[in-house]
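Engineer: Sequence and predicted structure are below.
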Amino acid sequence: MAAAAIISGIKLLIGTASDEVVQKTWECRMKNRTRFSLAFVALATAVLYAPALANAATTTAQASEAQSPTCWSPTKSWSIPDGEGGYAGQVEWHDYDGSTDKDNFFIQDTFGDGRSVSLRVKNHATGKEYYKHVYSGNGYCMGVGNVPNGDYVYWSACSWDDGEITECRSGTITE
């Protein structure tokens, strides 16, 4: 009889312990899933926005027209020579004639060539000058304000190797 009581007690303890263990395990898994989800979101945010934040630090003019430009469907584009017969990147002109008419340039570095590219733009209408230097395959959409019809912007794009300019290309765009 004593053995039966002991066995019943053990079964009762094991059953109770099992329910508690299951509950705590479930809570732990839910906490871990939540932590993993938050860590994943933080990592994804860092990966998506870190290049943009790093590139934003080297812009010469950060006027109101330079905020949130849109660089889709270029009007014109040019390759940036690398000084050895190849290309280190690309420059694009985006002409917008909508109600805001905020014109933009886009500069893109070629990934993996060990070089970087820079773009300098002067808006004749506003007198403002803009500069950007990008590295490691990154790109940057540079708002240059409104270029009124009949006015122009001057641009110069250069490739760099070990801190030295290797070759430049320039042009003028008349709106």
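Structural biologist: That came through, no problem. Since the model is a prediction, treat every value here as computed from it, not as a measurement.
Engineer: Let's verify Ala157: helix, strand, or coil?
Structural biologist: Secondary structure assignment for Ala157 (DSSP: H, G, I helix; E, B strand; the rest coil): strand.
Engineer: count of residues packed around it?
Structural biologist: 25 (other Cβ atoms under 10 Å). In this view, the C-beta of every residue, glycine as well, is placed from N, C-alpha and C.
Engineer: Can you show me the strands along the chain?
Structural biologist: 76-81, 87-94, 104-109, 116-123, 129-134, 139-143, 152-161, 164-174 (DSSP state E).
Engineer: got the angle between the shortest one and strand 116-123?
Structural biologist: I take that to be strand 139-143. If you take axes from the mean of the first three to the mean of the last three Cα atoms, to 10 degrees, strand 139-143 sits at 10 degrees to strand 116-123.
Engineer: likewise the longest one?
Structural biologist: Angle between the axes of strand 164-174 and strand 116-123 is 30 degrees (criterion: the same axes, to 10 degrees).
Engineer: which secondary structure elements does strand 164-174 contact?
Structural biologist: If contacts are counted by 3 or more Cβ pairs under 8 Å, 6 or more residues apart in numbering; DSSP states H and E, strand 164-174 sits against strand 76-81, strand 87-94, strand 152-161.
Engineer: let's go with 10 Å and repeat that
Structural biologist: strand 76-81, strand 87-94, strand 116-123, strand 152-161 (3 or more Cβ pairs under 10 Å, 6 or more residues apart in numbering; DSSP states H and E).
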